[in-house]
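Colleague: need coordinates for the below:
(one chain, ligands or ions: 1)
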Amino acid sequence: MACFFRRRIAAKLGKTLRHSEEVFIPAVTAVPVMKKQQTADFKLSISTLRVNGILPSSGDIQLQTENLACTLKQDSVVEEISAGRGVINFKVNRKFLAQKLLEPFGKGEDDKFGLNSELFLSLKRGTTLVEYSSPNIAKKFHAGHLRSTVIGNFIANLKQSLGNNVIRMNYLGDWGMQFGLLGAGFGQFGCLEKLKQNPLQHLFEVYVQVNKEAEHSEDIKQAAREFFRQLEQHESQAVSLWKQFREITVREYQRVYQRLGIHFDVYSGESFHQDQAQEVLQQLQSRGLLKTSEKGTGVVDLSLDGDMSNVCTVLRSDGTTLYITRDIAAAINRKEMYNFDEMIYVTDKSQENHFSQLFQILLSMGHSWAQRCRHVSFGLVQGMKTRTGEVVFLEDVLDEARARMLHNMSQSSTTKTMDNPEDTAEKVGISALIIQDFRGPLQSDYKFDWDQMLQAQGDTGVFLQYTHARLCSLIKRNEGVEAATFDPSLLHEQTSVSILQHLLRYDEVLYQSAQDLQPKHLINFLLKLCHLIASAHRELPVKGSPQDVAQARLRLFSGARSVLANGMRILGIAPVAKM
Ligand SMILES: NC(=[NH2+])NCCC[C@H](N)C(=O)O
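Modeller: Predicted structure coming up:
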């Protein structure tokens, strides 16, 4: 694998420059495949060595590069060493390249490819708590929740692949004045039968109705306050109705998340922390951090000069707590329960300020672990609509993706041979949603576009799935040809070499994504892999080739298929074998 070569080159550098080889590992990177005839496989950046203090940072960098290139000796693995502009290029022996990279695929180690890379040693492993999705009961599941769901799942998958113990948490909006309204409104507009049949829909309807009513009715507002008071005081009748809303909602969400291939280890929620929120207030009080504002609310002063120019409200004047108060309590409680090494919150960028205040308050309370809490924020999605209009429920988007995909697939003859075309359409449709969402930097807003995301050609999730299915069918058609061994010297054409060179980058790309938690590095890698595979399909026939050539090519195709599938799974996409 890539490590083998990187280490080999690093050892060479270590010897020449009299340093431990470890320091060179991060400076040696696989060269991205750009042009057709690319000879170099790895490059060493001289400026990195200057920054590290391994080479003097004064003097002419080009001269330094050329001198070093001359001093390094080639060998049977690293065949060519040459100076480029500020970099040294290394070409490795082609036979070794094919052998080392494709070896694991003959040993049933397909899933592990690239995951034991030494690049990951510098990443701290431990327990990562990822909190994502986190919809609000009785409210709309908006595009922001969908983004949080798929991004959080990606982060959790990535962290897990890299050896972390991951806790996947959903933090429901299951507390607050809205439950006063819902409770009060349910008596008037609710129906238990409908609640059982179509829970999310019905709760949403009741919530919309009672809000409308509350606009001009003092009575209902009064009833809502009363219901919420009962809830806060744990009065059994109110609590039991609320519990029913919550349980039924969780069950329904679990079903829909399953369609996305997503699960949570914990369904927590704001309600779990209302009592702890009171304790938080006491702790703030005893640390002298709780101030009273002119309006009579309880605030924490976050201004640098202590002049109350930047305060965060943690207590209403009527004595009730807020979203942030519950978040402070929740964070402390999670640290106690799970003793995480890092915690990641995934929400849209409108909550950036909320999380920065949360982390600041935790730090000021003496919780230094708040430094290892991170908010991954993302941009807004414009125009997420279905044929029937605005999206209210997650299920609407999934249904629409499936229906549209099924329609597109109906033209193809393969569809007729499928046992369950709906299932394939669902998986491919979801891949399309995910790739559209992940292609750019997460911070950017984007326009939701059904037609574009579902295109079979172009950089879409459909294209990834199509490539994967095509590889599966090639492998299936040639069952019996593939063998435990293969002759790596038969993969000498540039088309094969380009795929191999590209595979060298897999661990680097995962490393990059693990650093900034952006899926785009992995997406770009997989899309490029699919383009290279498309050329290989044209130029490297299996059928009609001599047995040994066919075997070598099949090994290459099945290696590429495994890496594609592994990468897709990290992104949260279930690869299909047929489409
Ligand atoms: N710990 C948190 N505050 N997580 C985010 C919760 C998101 C919130 N339920 C919303 O829909 O906006």
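Colleague: tell me the phi and psi of the closest residue to Lys385 other than its chain neighbours?
Modeller: Of all residues not flanking Lys385 in the chain, Val391 sits nearest, at 6.5 Å (C-beta to C-beta, 6 or more residues apart in numbering). Where C-beta positions appear, they are placed from N, C-alpha and C, glycine not excepted. Main-chain dihedrals, Val391, degrees, to the nearest 10: phi -80, psi 130.
Colleague: residue contacts, Val391?
Modeller: Val391 makes contact with 140-143, 384-385, 397 under the criterion C-beta atoms under 8 Å, 6 or more residues apart in numbering.
Colleague: how far away is it from Ser148?
Modeller: Taking C-beta to C-beta, to the nearest Å as the measure, Val391 falls 15 Å from Ser148.
Colleague: going along the chain, name the helices of the stretch 201-350 of the chain.
Modeller: Counting by DSSP state H, counting those that start in this stretch, the stretch 201-350 of the chain has helices at residues 218-232, 236-259, 274-286, 323-338.
Colleague: ok so, going back, would you turn the contacts of Val391 into CSV with neighbour count, pLDDT and distance to the ligand?
Modeller: Below are the contacts of Val391 laid out as CSV (neighbours: other C-beta atoms under 10 Å; pLDDT from 0 to 100; distance: C-beta to the nearest ligand atom, whole Å):
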residue, neighbour count, pLDDT, distance to the ligand
Lys140, 18, 92, 9
Phe141, 22, 93, 9
His142, 19, 92, 8
Ala143, 20, 93, 12
Met384, 21, 93, 16
Lys385, 15, 92, 20
Val397, 23, 96, 16
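Colleague: can you tell which of the helices of the stretch 201-350 of the chain is closest to Leu491?
Modeller: Ranking these by their distance to Leu491 (criterion: C-beta to C-beta) puts helix 236-259 first, at 39.9 Å.
Colleague: near Ala484, how many other residues are there?
Modeller: 8 (other C-beta atoms under 10 Å).
Colleague: near the ligand, which residues of the stretch 51-200 of the chain?
Modeller: 131, 134-136, 171, 173 (C-beta under 6 Å from any ligand atom).
Colleague: ok, 8 Å please
Modeller: With C-beta under 8 Å from any ligand atom as the criterion, the stretch 51-200 of the chain meets the ligand at residues 131, 134-136, 139, 144-145, 148, 171-173.
Colleague: how about CSV for these, with pLDDT, neighbour count and secondary structure added?
Modeller: Compiled in CSV, these are given as follows (pLDDT from 0 to 100; neighbours: other C-beta atoms under 10 Å; DSSP: H, G, I helix; E, B strand; the rest coil):
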residue, pLDDT, neighbour count, secondary structure
Glu131, 98, 24, strand
Ser134, 98, 23, coil
Pro135, 97, 24, coil
Asn136, 96, 19, strand
Lys139, 93, 17, coil
Gly144, 95, 21, helix
His145, 97, 19, helix
Ser148, 98, 24, helix
Tyr171, 98, 24, strand
Leu172, 98, 20, strand
Gly173, 97, 18, strand
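Colleague: what's the closest of the helices of the stretch 201-350 of the chain to Leu406?
Modeller: Minimum separation from Leu406 across the helices of the stretch 201-350 of the chain (C-beta to C-beta) falls at helix 236-259, 14.4 Å.
Colleague: ok, residues contacting the closest one?
Modeller: By C-beta under 8 Å, 6+ apart, the list of residues contacting helix 236-259 reads 133, 135, 137-138, 149, 170, 172, 174, 179, 182-183, 186, 195-196, 199-200, 203, 227, 230-231, 263-264, 267, 269, 271, 393-395, 398, 426, 430.
Colleague: distance between it and the chain's centre?
Modeller: The chain centroid and the centroid of helix 236-259 are separated by 26 Å, computed with C-alpha atoms, centre = their mean, to the nearest Å.
Colleague: report the buried residues of that helix.
Modeller: Neighbour counts over helix 236-259 (16 or more other C-beta atoms under 10 Å) mark 238-239, 241-242, 245-246, 248-250, 252-253, 256-257, 259 as buried.
Colleague: how about stretch 438-448?
Modeller: Of the residues in stretch 438-448, 438-440, 442, 446, 448 count as buried by neighbour count, 16+ other C-beta under 10 Å.
Colleague: now stretch 115-131
Modeller: 115, 117, 119-120, 128-131.
Colleague: ok, stretch 322-341 next?
Modeller: Buried, per 16+ other C-beta under 10 Å, within stretch 322-341: 322, 324-335, 338, 340.
Colleague: ok, which of these also contact the ligand?
Modeller: Okay, of these touching the ligand (C-beta under 8 Å from any ligand atom), that's 327, 330-331.
Colleague: return the member of those nearest to His19.
Modeller: So of those, ranked by how close each gets to His19 (C-beta to C-beta), first place is Ala331, at 42.2 Å.
Colleague: what's the helix or strand for the spatially closest residue to that closest one that is not a sequence neighbour?
Modeller: Nearest residue to Ala331 in three dimensions, chain neighbours excluded: Leu362, at 5.9 Å (C-beta to C-beta, 6+ apart). Taking DSSP states H and E as the definition, Leu362 sits inside helix 352-364.
Colleague: ok now that helix, how far from the chain's centre?
Modeller: 23 Å.
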